[in-house]
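Asks: Quick one: sequence plus predicted model below, questions after.
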Amino acid sequence: MPMPHRTFAQVAKRRLVGKEGKERIREVRALLSELPDYKNGPYADLRKSLLAEIEDTRVRSNAVHRDSIAVRREGAAQIALVGPPNVGKSSILQALSEIQIKTGDYPFTTLRPVPALTRIHGVLLQLVEIPGLIGGATEDRGGGRALLGVLRSADAIVYCARVGYPAEDLATVRDEVEIAGIDKPAILAVTRADEGSADDIDRLRLAFPDLPVVPVSVIDAASLDALRESVWGLTDLVRVYLHSNGSTDEEPLALPEGATVADVADSVHHELGATFSGARIWGSSARFDGQRVGREHVVQDSDTVEILR
Ligand SMILES: Nc1nc2c(ncn2[C@@H]2O[C@H](COP(=O)(O)OP(=O)(O)O)[C@@H](O)[C@H]2O)c(=O)[nH]1
Ligand SMILES: [Mg+2]
């Protein structure tokens, strides 16, 4: 019996996460060989999208060779780490990363944006270190325009300022972001916190009164958890667990706050989103377990949803 096509699509997505170039193409080919050989229907659609994936991956690999710094979006949200050099951005990326980035894989003095996936509350999010933003970036100093271009497509920003260092270091970078007209939900990570005092943290808090502050040290697991929590708060996502054929998915879907049952169905499959008749709900948006609701019902974080065809 072949795997249900929706399960196959999920498995395929999971197996491709974090893979690029040759490795990604190899995985796509393996998936293609496992796919039932139907000429029509959802399996044929899957085959088509996997073949397109090979082509897209090739195009991207070539683009990288042409020195592009573009970052391919993965995960439910993209959060940029922004700050002066040496504040610990790469270290945080590494500490939060789902897939262990080997230090040898990229130079520690990072020159290009480096993406990494992190799992927070069961949801994969993409962190991107934006290195080398300096005063004058908007005039393209230090290749600033391309870096700001990457930042523009992020959903939120974690500004990083090193404890005990002048606020101006980060303020200069932040000015460039503002001049570029980039305005995203943001927090301030006061980094390398183990090297400074509470007063040092307060000084930075006072210098950036509009940003919620999270002191972070990569050698303090609790501070990393607090950072994860703040990053989650930046995303405005809600988690929804799909229930079908008598079982509930372990991995949640992540949707923007305010999403309706129709959005949930649509994110499973556009066709399902167009044709489904309603849903049953368990969780905080339900008045009672298994409540029958219509398309426009707004889901809440941690709801379980069964889409009714
Ligand atoms: N004590 C301490 N050192 C850190 C911490 N985070 C990073 N570092 C050190 O700071 C230096 C610069 O870190 P890196 O992550 O490359 O900074 P980036 O330039 O902002 O990416 C490295 O030597 C790290 O080992 C931290 O939380 N505590
Ligand atoms: Mg770095």
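Replies: Thanks, I have it. Ligands and ions are numbered 1, 2, ... in the order given.

Asks: Please count neighbours and contacts with C-alpha atoms only from this point.
Replies: OK.

Asks: could I have the helix or strand containing Asp263 exported to CSV, CA atoms only?
Replies: In this assignment (DSSP states H and E), Asp263 forms part of helix 261-268. What follows is helix 261-268, C-alpha atoms only, in CSV (Å, rounded to 0.1, in the frame of the first residue of the first chain):
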residue,chain,number,x,y,z
VAL,A,261,-10.2,27.0,9.5
ALA,A,262,-10.3,27.9,5.7
ASP,A,263,-6.6,28.9,6.0
VAL,A,264,-5.8,25.6,7.7
ALA,A,265,-7.5,23.6,5.0
ASP,A,266,-5.8,25.7,2.3
SER,A,267,-2.4,25.1,3.8
VAL,A,268,-3.0,21.4,3.6
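
Asks: So which elements touch it?
Replies: With contacts defined as 3 or more Cα pairs under 8 Å, 6 or more residues apart in numbering; DSSP states H and E, helix 261-268 has these neighbours: helix 270-275.

Asks: Number of residues surrounding the nearest residue to Ile130 once chain neighbours are set aside?
Replies: With Cα to Cα, 6 or more residues apart in numbering as the criterion, Ile130 has its nearest non-adjacent residue at 4.8 Å, and that residue is Pro113. If you count neighbours by other Cα atoms under 10 Å, Pro113 ends up with 20.

Asks: do the same with Asn62
Replies: Neighbour tally, Asn62, other Cα under 10 Å: 13.

Asks: How about Arg174?
Replies: The burial count assigned to Arg174 is 20, neighbours taken as other Cα under 10 Å.

Asks: just wondering, since we're on it, how far is it from Pro84?
Replies: Relative to Pro84, Arg174 is positioned 10 Å away (Cα to Cα, to the nearest Å).

Asks: Leu93: helix or strand, and which one exactly?
Replies: Going by DSSP H and E, Leu93 is in helix 89-96.

Asks: mind checking how far that helix is from the chain centre?
Replies: When distances are taken as Cα atoms, centre = their mean, to the nearest Å, helix 89-96 is centred 14 Å away from the chain's centroid.

Asks: Tell me if it is near ligand 1.
Replies: Yes. Contact between helix 89-96 and ligand 1 is present through 89-91 (criterion: Cα under 6 Å from any ligand atom).

Asks: Please identify, among these, the one with the most neighbours.
Replies: That'd be Lys89 among those, by other Cα under 10 Å, with 29 neighbours.

Asks: Could you verify my assumption that it touches Arg162?
Replies: No. At 9.9 Å, Lys89 and Arg162 do not qualify as touching, with contact defined as Cα atoms under 8 Å.

Asks: Show me the contact partners of the helix or strand bottoming out on mean pLDDT in the chain.
Replies: Every helix and strand of the chain was ranked by mean pLDDT, DSSP states H and E. The lowest is helix 42-65, at a mean of 84. The set of residues that contact helix 42-65 without belonging to it, under Cα atoms under 8 Å, 6 or more residues apart in numbering, is 5, 9, 20-21, 24-25, 28, 32, 35-38.

Asks: which sections of the stretch 51-200 of the chain are below the confidence cut-off?
Replies: 63-68, 99-110 (pLDDT under 70).

Asks: So for Ala274, what's the nearest residue that isn't a sequence neighbour?
Replies: Once flanking residues are discounted, Ala274 sits nearest to Asp266: 7.2 Å by Cα to Cα, 6+ apart.

Asks: Pro113 versus the one you found, what's the distance?
Replies: If you measure Asp266 against Pro113 using Cα to Cα, the figure is 32 Å.

Asks: Next: Ser223.
Replies: Ser223 sits 24 Å away from Pro113, going by Cα to Cα.

Asks: can you pull out the helices in the chain?
Replies: 5-16, 21-34, 42-65, 89-96, 144-152, 168-179, 198-207, 221-235, 261-268, 270-275 (DSSP state H).
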